[in-house]
Structure formats: C-alpha cells, structure tokens
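J.: Predicted coordinates and the sequence they were generated for:
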Amino acid sequence: MSTYKLYYFNGRGRAEVSRLIFAAAGQQYEDIRYERDEWPSHKSEMPLGQIPVLEYDDTQLPQSFSIARFLAKQFNFAGKDNFEQAKVDAVVDTMIDAVAKFVPTRMEPDETKKDELTKKFFAEELPKQLDNLNVLGKLYGNGGAYFVGNGLTWADLLFHVVAEIFLEADGNCLNNHAWLQQNKTEVEKQPRIAEYLKNRPKTAY
C-alpha cells in the first residue's frame with residue numbers, strides 16, 4: 001500500500017491544492033507542517049532545500065504543481081483523457097498567470113505603494129484574469145459548474161485556493177462573476193471537501 005507524506009509550512013499556500021486533492025480522494029496522508037522557526041533545521045532534508053515536498057513511498061518529489069498534477073492523476077482528478085488533461089492544464093496555467101500578477105502587490109515593502117498596487121490589481125488586472133477563467137469554464141465545462149467536463153478536477157480545487165487568497169484581500173472581487181462563484185460553491189458542497197474545510201487548521205495564509 002502506497003504511503004504519502006506532504007511537507008510544508010503551517011499554512012495553506014502552495015500545498016493547499018494538494019491537501020484538497022487528498023481530501024477529495026479520501027486518501028490518508030501525513031500532513032507535516034513546519035513553523036517558520038523550525039524550517040531551517042529541516043531545509044537540508046529536502047532535495048531542493050524548499051517546500052512543499054511530497055514523499056511517495058520513500059521518494060521525495062518537490063515543486064508544488066508537479067506534486068498536485070501527480071496527485072490529480074493518481075486519484076482521477078486530472079481529466080478523463082489526454083485532451084481533457086490539456087484543458088485542465090490550460091485552466092491551471094491561466095490561474096498561475098493571475099497569481100503571478102498578484103504577487104508583486106504582496107511583496108512591495110512600501111505600504112503606500114503596496115496599497116496603490118493592490119487597488120490597481122483588483123480594479124484593472126484581476127477582472128481581466130477572471131474573465132479569462134470564465135471563458136474557459138464556459139468553453140470546457142459542458143454547461144455545468146465545473147471547469148472541465150462534468151466532474152470535479154484539480155482545476156476546480158485550485159480555483160478554490162486562489163479565490164480564497166483574492167477574497168481575503170478584496171471580499172467583493174467575485175461579485176461580477178456568477179459562474180466562478182458557482183464553481184467555488186460546488187467545490188464546497190463536496191462532502192469530503194466540506195469536512196476538510198471545516199476541520200483544517202486556521203492559519204494566517
């Protein structure tokens with residue numbers, strides 16, 4: 001029987017989509033969380049000196065999206081065939097684009113500039129990125145509430161993670177995107193996901 005250990009900080013961050021995949025699959029795993037002050041003593045244990053890392057049957061796999069993609073394939077959340085998987089990857093890559101545009105607003109040390117960048121992102125950039133996701137959902141979702149096909153994929157789970165990040169910064173950012181709101185709600189209705197969200201540790205990020 002295969003064993004899984006997921007190493008990350010005590011936060012959602014780059015590991016949360018993998019945790020959601022585990023939850024959706026009903027798969028047991030060790031959720032190993034390091035506090036920031038604990039991490040330096042464990043850094044050398046990881047192949048690239050960074051986390052998240054998945055340990056699968058005693059072999060370590062780094063890189064958050066490599067981990068998530070492997071788990072999605074392992075538990076049938078990657079798409080039903082090669083082209084569905086490509087569609088899922090296209091949606092995921094579009095989310096990565098959106099997050100990449102958001103990151104500079106979090107990294108800016110000057111509080112005044114940070115506030116300006118954040119306001120500009122939510123007023124100008126994010127609506128375009130959400131429109132792109134909406135287009136793909138309508139294109140690939142067969143008229144339903146999921147991004148690709150008629151069932152849950154890791155694209156839906158990743159959107160839940162990304163949407164939480166954006167909503168924490170601007171609670172109104174999805175107001176003009178009814179389909180995306182519906183997608184997030186459908187994910188939260190999944191019994192295993194609902195149970196996970198209810199019981200997961202409350203963390204700052």
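T.: That came through, no problem. Remember, predicted model here, so these are calculated numbers, not experimental data.

J.: okay, CA-based contacts and neighbour counts for the rest of this
T.: Fine.

J.: what's around the residue nearest to residue 15 when sequence neighbours are not counted, how many residues?
T.: Leaving aside its chain neighbours, residue 15 sits nearest to residue 52 (6.0 Å; criterion: CA to CA, 6 or more residues apart in numbering). Number of residues near residue 52 (other CA atoms under 10 Å) recorded here: 24.

J.: Am I right that residue 52 is in contact with residue 65?
T.: No - using CA atoms under 8 Å, residue 52 makes no contact with residue 65, being 9.6 Å away.

J.: hey, where'd the strands end up in the chain?
T.: Along the chain, the segments classed as strands by DSSP state E run 4-9, 30-34, 53-56, 59-62.

J.: Quick check: residue 58 vs residue 5, distance?
T.: Counting by CA to CA, to the nearest Å, the gap from residue 58 to residue 5 is 9 Å.

J.: Counting neighbours, go ahead and name the busier of the two.
T.: For residue 58 and residue 5, the more surrounded residue by other CA under 10 Å is residue 5, and the numbers stand at 18 against 11.

J.: about what we covered before: could the strands of the chain be laid out in JSON lines, adding mean pLDDT and distance to residue 81?
T.: Output for these, formatted as JSON lines (pLDDT from 0 to 100; distance: least, CA to CA, whole Å):
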{"stretch": "strand 4-9", "mean pLDDT": "98", "distance to residue 81": "25"}
{"stretch": "strand 30-34", "mean pLDDT": "98", "distance to residue 81": "30"}
{"stretch": "strand 53-56", "mean pLDDT": "98", "distance to residue 81": "24"}
{"stretch": "strand 59-62", "mean pLDDT": "98", "distance to residue 81": "24"}
